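Next one to model:
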Amino acid sequence: MEKKIFLKREEIKVGVGSTAKVTTVEDYYQVAETDEDQVELQLLDFSGQPIGPPSVISKEDLKGYTYCPDYFKNRKSPREALLEDHIKVGDRHFEKREFFSAEHEYDKALDIDRDHLRANLGKGKTLFGSGRKEAGKKIFEKLSGIKTLFEKENKHTFNEFGIELRMEGMFDEAVLNYLKALSIDPDDEVLYYNLGRVYYEKGEYDKAVERLSLALKVKSDFREARDFLSMINSARSAGQGQEFSWKNHSNDSE
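Numbers count the residues shown, from 1 in each chain. Okay, the predicted model is just below:
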């Protein structure tokens, strides 16, 4: 018997008198056909599991419900929700520089999924933040070997990963990260820009200029890339060599 998920929205009045208000209640039901004219409904709980006894309604009445074909596809499992909760708490601790507590939360997330991208990235950042650079490097090396990192849907993560590598002075690793990312998405101006920053900090100014020019080729009104490129060219024309610095004039792009 094929089972589908339908949504029922109802407006109900809450309260009395001047405090009364109308609110919308949404309930999801698992629906299965029983015969040509009727279907069987069973209410779903917050975790998507059927609860209580089923009820039977006509197919005509079912027209007042909305079919939800992607209900389970878009819904996080309890395991996924718990993992994300640990990462969010870890991120909050990291922002407050509470590195021990942050690491504890990221470890909880990694106990659920040892290859989770954001959990690994968070733990790596935490290890660097607390001064354990060698342990942090091992996490970042592990992260660079996770194949799913370099998929378009993870663009924000692999870009953030490249920024962290550059900030920790792991320039060669950062270059490899961005080159891999660009092989997946060669039309991303932000990746070219951030790769240009890595080459700049490596002292490879020609390569920095080349990547910034590519960023502008993709997006001609990319102000940060245009300003960065102009600064490099002006400083080189003035003969300043390696004395000029961009560190105080630009932020990474995400």
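
next helix or strand past the helix or strand hosting K88?
Per DSSP states H and E: K88 is located in helix 78-95. Using DSSP H and E, the helix or strand that directly follows helix 78-95 along the chain is helix 99-112.

So which elements touch that next one?
helix 78-95, helix 117-129 (3 or more C-beta pairs under 8 Å, 6 or more residues apart in numbering; DSSP states H and E). (Each C-beta comes from the backbone N, C-alpha and C, glycine too.)

In the last one, which residues are buried?
I take that to be helix 117-129. Counting neighbours by 16 or more other C-beta atoms under 10 Å, one finds that the buried residues in helix 117-129 are 117-128.

mind listing what's buried in the next helix or strand after that helix?
The helix or strand immediately downstream of helix 117-129 is helix 133-144, counting by DSSP H and E. Going by neighbour count (16+ other C-beta under 10 Å), the buried part of helix 133-144 is 136-137, 139-140, 143-144.

which helices and strands does helix 133-144 pack with?
By 3+ C-beta pairs under 8 Å, 6+ apart, helix 133-144 packs against helix 117-129, helix 155-167, helix 171-184.

Check which helices and strands the last one sits against.
This means helix 171-184. Where contact means 3+ C-beta pairs under 8 Å, 6+ apart, helix 171-184 is packed against helix 133-144, helix 155-167, helix 189-202.

and the angle for that helix with helix 155-167?
Angle of helix 171-184 versus helix 155-167, following axes from the mean of the first three to the mean of the last three C-alpha atoms, to 10 degrees, is 160 degrees.

So what touches helix 171-184?
140-141, 144, 150-152, 155, 158-159, 161-162, 165-166, 188, 191-192, 194-195, 198-199, 201-202 (C-beta atoms under 8 Å, 6 or more residues apart in numbering).

give me that answer again for 6 Å
150, 158, 161-162, 165-166, 191, 195, 198, 202 (C-beta atoms under 6 Å, 6 or more residues apart in numbering).

ok, now the second one?
The list of residues contacting helix 155-167 from outside it, by C-beta under 6 Å, 6+ apart, reads 117, 121, 125, 149-150, 173-174, 177-178, 181, 194, 198, 252, 254.

Pull out the buried positions in that helix.
Quick answer for helix 155-167 (16+ other C-beta under 10 Å): 155, 157-166.

how far is that helix from where the chain is centred?
12 Å (C-alpha atoms, centre = their mean, to the nearest Å).

Report the rounded mean pLDDT for that helix.
The average pLDDT within helix 155-167 is 87.

Helix 133-144 and that helix, what's the angle between them?
Going by the same axes, to 10 degrees, helix 155-167 makes 150 degrees with helix 133-144.
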